[in-house]
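Undergrad: Sequence and predicted model, in that order:
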Amino acid sequence: MKEIVLSGIRATGQLHLGNYYGALNKFVRMQDDYNCYFFIADLHALTTHPDPTILHANVKSILSEYLAAGIDPDKATIFVQSDVPEIPEMYLLMNMHVGIGELMRTASFKDKARKQLGIKTDNDNDDIEREIIGNNSNKRVNAGLLTYPTLMAVDILIHHATKVPVGKDQEQHLELTRRFARRFNSVYGVEYFQEPENFNFGGEAIKVPGLDGSGKMGKSEGNCIYLLDDEKTLRKKVMRAVTDEGPKVPNQPMAEPVANLFTLLKIVSAPDVVDHFTEAYNNCSIRYGDLKKQLAEDILKVTTPIRERIIGIRNDDAYLSQVVKQGAEKARESASKTLREVREIMGIKRFF
């Protein structure tokens, strides 16, 4: 029996090169060897109050990008989170076993809550409650943001997934999922939920850097190369990438922006190309313009065929509807069984 893998991406915008190398191409490899559930997390996206029209467009965009990247709906279960009503019901039940304190102590909640309230501080203490309660502005922190880890836990546990590919920023949430699974089992004296583990497909997680000189590629950072970027846009972005004035002495350590470009080069280019520019950097003959032109060319080799497939797929509403309907049916079959058994364990039984 195949192990169950689950992963999802929030419906907050188009997917980028970081999503592709960090997740999508791994999803494609997983689908032949595992029982995979890949979903579009539109319920999670609600914590940032997206415009309804934009939210729907984002779901359609990510669905098209999943398919264009090579995820096969006949091999993997592809579904939209909100198409599985068992998820919000189990979310309510699981919240009965989750403490407010442990949710408020999560690093992501404290960070996002302060951002929503406009509080600028480097103090990572646990007194976020006082900051929220004492806030006198019209800004507020919604309860969905607080219970985000519970919903993530339910996404995983409702399908009994044992392997969950997550980045470093989500590892704390995955640990909470394991804690909630243990707690449920302990409270009811059952061995029902297995504890899921992080899954990086046999290697270190790839961190795709952005073009702004620091940090990873991210939609909220404005430093992305999107899978849907046309050739002109992509080349312009790469040519504008941050660098420095160049090495002054042989084998000079690279500044972070330059190291980031070399990281991108190692991800998308052939080894001999990487060796050529590394040698040029080390002997101080490198021309960053040439490096960027080569980098753009090699990125286009990856993204152009995906972009062409995205454009074709996103205009085929009948096919997209068929995919999500099929995925919802498969996901609900798994989720409804778990929800039925959880209700039974918790003593929520029908009298008729």
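TA: Thanks, I have it.
Undergrad: Which stretches in the stretch 51-200 of the chain count as helices?
TA: Applying DSSP state H, counting those that start in this stretch to the stretch 51-200 of the chain gives helices spanning 52-69, 86-95, 100-104, 107-117, 128-133, 143-146, 148-157, 171-188.
Undergrad: buried set for the second one?
TA: It stands for helix 86-95. 86-87, 89-91, 93-95 (16 or more other CB atoms under 10 Å). For glycine as for every other residue, the C-beta is placed from the backbone atoms N, C-alpha and C.
Undergrad: same check, this time on the shortest one
TA: Residues of helix 143-146 classed as buried by neighbour count (16+ other CB under 10 Å): 144-146.
Undergrad: Then the last one?
TA: Judged by neighbour count (16+ other CB under 10 Å), helix 171-188 contains these buried residues: 172-174, 176-181, 184-185.
Undergrad: Let me see the mean pLDDT of that helix.
TA: Averaging pLDDT along helix 171-188 yields 94.
Undergrad: about what we covered before: and of the helices of the stretch 51-200 of the chain, who's closest to residue 238?
TA: helix 52-69 (20.3 Å; CB to CB).
Undergrad: hang on, the earlier thing: among the buried residues of helix 171-188, which one sits closest to residue 49?
TA: For the buried residues of helix 171-188, the nearest to residue 49 is residue 173 (20.8 Å; CB to CB).
Undergrad: Surely the closest one is in contact with residue 107?
TA: No - Residue 173 is beyond contact range of residue 107, at 9.7 Å (criterion: CB atoms under 8 Å).
Undergrad: Tell me which two in the buried residues of helix 86-95 are the farthest apart.
TA: 86 and 95 (14.9 Å).
Undergrad: that older thread, to residue 323, which of the helices of the stretch 51-200 of the chain lies closest?
TA: helix 52-69 (6.8 Å).
Undergrad: quick one: buried residues of the closest one?
TA: 55, 57-69.
Undergrad: Pick out the most distant pair among those.
TA: Most distant of the buried residues of helix 52-69, by CB to CB, are 55 and 69, 21.2 Å apart.
Undergrad: Surely residue 13 and residue 57 touch.
TA: No - in this structure residue 13 lies outside contact range of residue 57 using CB under 8 Å: 9.6 Å.
Undergrad: rewinding a little: let me know which of the helices of the stretch 51-200 of the chain is the nearest to residue 305.
TA: helix 52-69 (8.6 Å).
Undergrad: How about residues contacting that closest one?
TA: For helix 52-69, the surrounding residues in contact (CB atoms under 8 Å, 6 or more residues apart in numbering) are 9, 11-15, 19-20, 24-25, 27-28, 38, 40, 42, 45-46, 50, 73, 78, 80, 227-228, 306-307, 309-310, 313-314, 320, 323-324.
Undergrad: tell me the mean pLDDT over it?
TA: 96.
Undergrad: And the contacts of stretch 206-226?
TA: Residues contacting stretch 206-226 (CB under 8 Å, 6+ apart): 12-18, 21-22, 234, 237-238, 240-242, 256-257, 260, 263-264, 267, 299, 303.
Undergrad: Stretch 239-247 too?
TA: 211-213, 255, 257-258, 260-261, 281-282, 284, 286, 288-289, 292-293, 296.
Undergrad: Please list the members of these that lie in helices.
TA: Within those, residues falling in helices by DSSP state H are 257-258, 260-261, 281-282, 288-289, 292-293, 296.
Undergrad: Is it possible to mark the buried ones in those?
TA: 257-258, 260-261, 281, 288, 292, 296.
Undergrad: quick revisit: would JSON lines of the buried residues of helix 52-69 with distance to residue 1 be doable?
TA: Shown next, in JSON lines, are these (distance: CB to CB, whole Å):
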{"residue": "55", "distance to residue 1": "36"}
{"residue": "57", "distance to residue 1": "38"}
{"residue": "58", "distance to residue 1": "35"}
{"residue": "59", "distance to residue 1": "31"}
{"residue": "60", "distance to residue 1": "34"}
{"residue": "61", "distance to residue 1": "34"}
{"residue": "62", "distance to residue 1": "29"}
{"residue": "63", "distance to residue 1": "28"}
{"residue": "64", "distance to residue 1": "32"}
{"residue": "65", "distance to residue 1": "30"}
{"residue": "66", "distance to residue 1": "25"}
{"residue": "67", "distance to residue 1": "27"}
{"residue": "68", "distance to residue 1": "30"}
{"residue": "69", "distance to residue 1": "27"}
